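>>> Just a sequence and a predicted model for now, questions to come.
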Amino acid sequence: MGAMGILPFIKHAFSPTLAQQLGYSDKDVLVIVNIDDVGIHDDETKASFSTLKFGLVKSGSIMVPCPNFPQIMELWGKNPEIELGVHLTLTCEWGRRYPWSPVLPRTDVPSLYNPDGMMWSNIQDLLRNAKRKEIEMELDAQISKILDTGLKPSHLDHHMDFYYHHGFFSYVMELSRRYALPMRVWKRRKYRMPFVKNNLISLRNKGYVFPDTQMGIYMAGQVQSFEFMKEQYHAHLRSLKPGVNNIKIHTAFKTAEMLKIFGKHNASIRQIDYDVWTSDDTKKLAEDLGIIFIGYRPLQQLQIKLMKSR
């Protein structure tokens, strides 16, 4: 590797940590617990706002195309201090049982609609049928639909990991820069030299801001037990090193309607996540560990500052 190739690594090695850039020390453990799927259903909306008011969880991500979007925006309008981002959504996994369609009409983005007039049910069908330009139009429209209300989202993330497929991440990067919304970036592999374009170090050098670590408990195949799930989360909290750490959760009340639509397992996991993150046990553990809970807004403010200087 030549001198020009070494320079980014030297710069990165001697740069302040993300925590330090946010005004904390390099010994502080900061945690962003973010609720995915906000607005998917009224029982999810109510549980999410209750979780946010408890205080450990300070951010969530809105599914703009979903049926409960108007209620979410009404609640958010009454509580504008709450930090909510955009959960970019291109699929509807519940089919006719609980459908939703793109924000844009079928005349504008026909390839994003399945034959039943809703979003494709999985990423594979989406990628086989959707046109890239129409995907880009829909993603932009989802962000704009929130901005048009006058409320300010705090970050971007994604439903069903779509933006790691077929180079869509580059467009999400463009949206992140255009709208000043930090992204959630999974550190899924170690990059080997020569570094691929837009690896994590190069993203940071370009001014993009994202948590140092990511964690989410996969919702399929897990034991449906509050004690088991609580221990999984608590063990993760105990394992955290200094830095900014993201934990992805899903919350909802396990009502009869949730059970009917989402099934016992999915509804149970969402209720358990709610119970864990509104638990005095979790709060006490975090206090004992000295964990500092934050939302995405400080990361957004830092990204704005860094990108202005580049």
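Thanks, I have the structure now.

>>> buried stuff in the top helix by length along the chain?
Once the chain is assigned using DSSP state H, the helix that runs over the most residues is helix 256-277. Taking 16 or more other C-beta atoms under 10 Å as the basis for neighbour counts, the residues of helix 256-277 that come out buried are 258, 261-262, 266-277. The C-beta positions use only the backbone N, C-alpha and C, and glycine is treated the same way.

>>> how many other residues sit next to residue 141?
Residue 141 sits with 17 neighbouring residues when counted by other C-beta atoms under 10 Å.

>>> Give me the distance between it and residue 147.
11 Å (C-beta to C-beta, to the nearest Å).

>>> ditto for residue 128
Applying C-beta to C-beta, one obtains 31 Å for the distance of residue 128 from residue 147.

>>> Helices of the protein, residue ranges please.
In the chain, the helices defined using DSSP H lie at 3-13, 18-21, 42-54, 69-78, 123-129, 132-147, 168-179, 200-205, 226-239, 256-277, 280-289, 297-308.

>>> what residues does the last one touch?
What it means is helix 297-308. Contacts of helix 297-308 with the rest of the structure, by C-beta atoms under 8 Å, 6 or more residues apart in numbering, involve 18, 21-23, 32, 59, 83, 154-155, 176-177, 180-182, 207-211, 244.

>>> out of these, which are buried?
Of the members of the contacts of helix 297-308, the ones counted as buried by neighbours, 16+ other C-beta under 10 Å, are 18, 21-22, 32, 59, 83, 154-155, 176, 180-182, 207-211, 244.

>>> one step back: and the contacts of helix 297-308, which of them are in strands?
With strands identified by DSSP state E, the entries of those that belong to them are 32, 59, 83, 244.

>>> Touching, the second one and residue 85? I think so.
By that I understand residue 59. Yes. Taking contact to mean C-beta atoms under 8 Å, the distance of 6.6 Å between residue 59 and residue 85 places them in contact.
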